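Enquirer: sequence plus predicted model, see below.
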Amino acid sequence: QVQLVESGGGLVLTGGSLRLSCTASRRTAGTYAMAWFRQAPGKDREFVAFISRAGVMKYYVDSVKGRFTISRDNTKDTVYLQMNSLKPEDTAVYYCAARAGSEIITDLRYDYWGQGTQVTVSS
(Lines give C-alpha, C1' and ligand atoms only; values in the text may rest on other atoms or scores of the structure.)
Protein backbone atom coordinates (compact mmCIF):
# COMPACT_ATOMS: atom_id res chain seq x y z
CA GLN A 1 0.00 0.00 0.00
CA VAL A 2 1.26 3.47 -0.91
CA GLN A 3 -0.24 6.64 0.46
CA LEU A 4 0.25 9.82 -1.56
CA VAL A 5 -0.07 13.31 -0.11
CA GLU A 6 -0.18 16.36 -2.38
CA SER A 7 0.59 19.91 -1.35
CA GLY A 8 1.37 23.27 -2.90
CA GLY A 9 -1.96 24.23 -4.38
CA GLY A 10 -3.48 27.66 -3.98
CA LEU A 11 -4.81 30.77 -5.63
CA VAL A 12 -2.66 32.49 -8.25
CA LEU A 13 -3.16 35.15 -10.89
CA THR A 14 -3.03 34.43 -14.60
CA GLY A 15 0.59 34.10 -15.68
CA GLY A 16 1.74 33.08 -12.23
CA SER A 17 3.48 29.93 -11.04
CA LEU A 18 2.94 27.18 -8.51
CA ARG A 19 4.88 24.06 -7.60
CA LEU A 20 2.94 21.03 -6.48
CA SER A 21 4.52 18.27 -4.44
CA CYS A 22 3.42 14.70 -3.87
CA THR A 23 5.13 12.64 -1.19
CA ALA A 24 4.74 8.90 -0.91
CA SER A 25 4.54 6.93 2.32
CA ARG A 26 7.05 4.37 1.10
CA ARG A 27 9.88 4.03 -1.34
CA THR A 28 8.74 4.52 -4.92
CA ALA A 29 12.05 4.69 -6.76
CA GLY A 30 12.59 1.84 -9.18
CA THR A 31 9.07 0.52 -8.71
CA TYR A 32 6.45 3.16 -9.37
CA ALA A 33 5.94 5.47 -12.28
CA MET A 34 4.18 8.64 -11.22
CA ALA A 35 1.72 10.98 -12.84
CA TRP A 36 -0.33 14.08 -12.28
CA PHE A 37 -4.00 14.36 -13.21
CA ARG A 38 -6.50 17.16 -12.75
CA GLN A 39 -10.24 17.48 -12.50
CA ALA A 40 -12.16 20.68 -13.09
CA PRO A 41 -15.73 21.12 -11.81
CA GLY A 42 -18.18 19.17 -13.92
CA LYS A 43 -15.45 17.55 -15.99
CA ASP A 44 -13.75 14.18 -16.08
CA ARG A 45 -10.38 13.67 -14.50
CA GLU A 46 -7.71 14.20 -17.14
CA PHE A 47 -4.06 13.27 -17.50
CA VAL A 48 -1.52 16.06 -17.15
CA ALA A 49 1.99 14.62 -16.90
CA PHE A 50 3.89 11.35 -16.46
CA ILE A 51 7.36 10.50 -15.19
CA SER A 52 9.04 7.12 -15.33
CA ARG A 53 10.44 5.25 -12.37
CA ALA A 54 13.95 6.65 -12.77
CA GLY A 55 12.75 10.06 -13.93
CA VAL A 56 14.25 9.70 -17.39
CA MET A 57 11.06 9.51 -19.44
CA LYS A 58 8.47 12.28 -19.24
CA TYR A 59 5.25 12.86 -21.10
CA TYR A 60 2.74 15.72 -21.08
CA VAL A 61 -0.71 16.50 -22.35
CA ASP A 62 -0.45 19.00 -25.20
CA SER A 63 -2.20 21.79 -23.31
CA VAL A 64 0.60 22.05 -20.71
CA LYS A 65 3.68 21.38 -22.84
CA GLY A 66 6.22 24.15 -22.43
CA ARG A 67 4.52 25.43 -19.27
CA PHE A 68 4.55 22.51 -16.83
CA THR A 69 7.49 20.36 -15.77
CA ILE A 70 7.26 17.10 -13.90
CA SER A 71 10.22 15.88 -11.86
CA ARG A 72 10.96 13.52 -9.02
CA ASP A 73 13.42 13.26 -6.17
CA ASN A 74 13.74 9.58 -5.45
CA THR A 75 15.77 10.23 -2.30
CA LYS A 76 12.67 11.90 -0.86
CA ASP A 77 10.02 9.74 -2.56
CA THR A 78 8.52 12.95 -3.88
CA VAL A 79 7.28 14.01 -7.30
CA TYR A 80 6.82 17.63 -8.30
CA LEU A 81 4.82 19.56 -10.85
CA GLN A 82 6.21 22.98 -11.64
CA MET A 83 3.46 25.03 -13.27
CA ASN A 84 4.36 28.27 -15.02
CA SER A 85 2.35 30.70 -17.15
CA LEU A 86 -0.83 29.52 -15.50
CA LYS A 87 -4.16 30.14 -17.19
CA PRO A 88 -7.71 30.17 -15.81
CA GLU A 89 -8.37 26.92 -17.66
CA ASP A 90 -5.73 25.26 -15.47
CA THR A 91 -8.07 25.66 -12.51
CA ALA A 92 -8.79 22.20 -11.08
CA VAL A 93 -8.09 19.79 -8.29
CA TYR A 94 -4.72 18.21 -9.03
CA TYR A 95 -4.05 14.59 -8.10
CA CYS A 96 -0.88 12.57 -8.12
CA ALA A 97 -0.96 8.88 -8.89
CA ALA A 98 1.42 5.94 -8.74
CA ARG A 99 1.58 2.81 -10.83
CA ALA A 100 3.93 -0.15 -10.68
CA GLY A 101 5.74 -0.61 -13.97
CA SER A 102 7.32 1.47 -16.71
CA GLU A 103 4.67 1.88 -19.38
CA ILE A 104 3.40 5.39 -20.12
CA ILE A 105 -0.23 5.39 -19.02
CA THR A 106 -2.42 8.43 -19.63
CA ASP A 107 -5.73 7.01 -18.48
CA LEU A 108 -6.88 6.25 -14.92
CA ARG A 109 -5.24 2.83 -14.59
CA TYR A 110 -3.08 3.81 -11.64
CA ASP A 111 -2.74 1.81 -8.45
CA TYR A 112 -2.67 4.62 -5.90
CA TRP A 113 -4.08 8.14 -5.75
CA GLY A 114 -3.65 11.14 -3.51
CA GLN A 115 -6.48 13.19 -2.07
CA GLY A 116 -5.87 16.14 -4.38
CA THR A 117 -4.87 19.77 -4.01
CA GLN A 118 -6.86 22.71 -5.35
CA VAL A 119 -5.31 25.06 -7.90
CA THR A 120 -7.26 28.18 -8.77
CA VAL A 121 -6.05 30.61 -11.43
CA SER A 122 -7.79 33.95 -11.36
CA SER A 123 -7.96 36.38 -14.23
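Expert: On my side now, so go ahead.
Enquirer: for the residue nearest to Ser63 when sequence neighbours are not counted, give me the pLDDT.
Expert: Spatially, and ignoring its direct neighbours in sequence, Ser63 is nearest to Glu89 (7.8 Å; CB to CB, 6 or more residues apart in numbering). The C-beta positions use only the backbone N, C-alpha and C, and glycine is treated the same way. Listed pLDDT for Glu89 reads 97.
Enquirer: for Glu89, what are its contacts?
Expert: 40, 63, 121 (CB atoms under 8 Å, 6 or more residues apart in numbering).
Enquirer: ok, Ala100 touching Met34?
Expert: No - using CB atoms under 8 Å, Ala100 is not in contact with Met34, being 11.0 Å away.
Enquirer: in terms of neighbours, single out the busier of the two.
Expert: Met34 (28 against 13; other CB atoms under 10 Å).
Enquirer: residues near Ser102, how many?
Expert: 14.
Enquirer: now do the same contact list for it.
Expert: Ser102 neighbours (CB under 8 Å, 6+ apart): 33, 52-53, 57.
Enquirer: and Gly55, by the same measure?
Expert: Contacts of Gly55 by CB under 8 Å, 6+ apart are 71-72, 74.
Enquirer: again, only this time at 10 Å
Expert: Each residue near Gly55 by CB atoms under 10 Å, 6 or more residues apart in numbering is listed here: 29, 33-34, 70-74, 79.
Enquirer: cool, and Gly15?
Expert: Contact analysis of Gly15 by CB under 10 Å, 6+ apart lists 84-87, 121, 123.
Enquirer: before we move on, back to that, now, the contacts of Ser102 that are in strands?
Expert: Among the contacts of Ser102, the residues falling in strands (DSSP state E) are Ala33.
Enquirer: which one of the contacts of Ser102 is nearest Leu108?
Expert: Ala33 (13.9 Å; CB to CB).
Enquirer: the closest one against Ala98, yeah?
Expert: Yes - the pair Ala33 / Ala98 is scored as a contact, 7.3 Å apart, by CB atoms under 10 Å.
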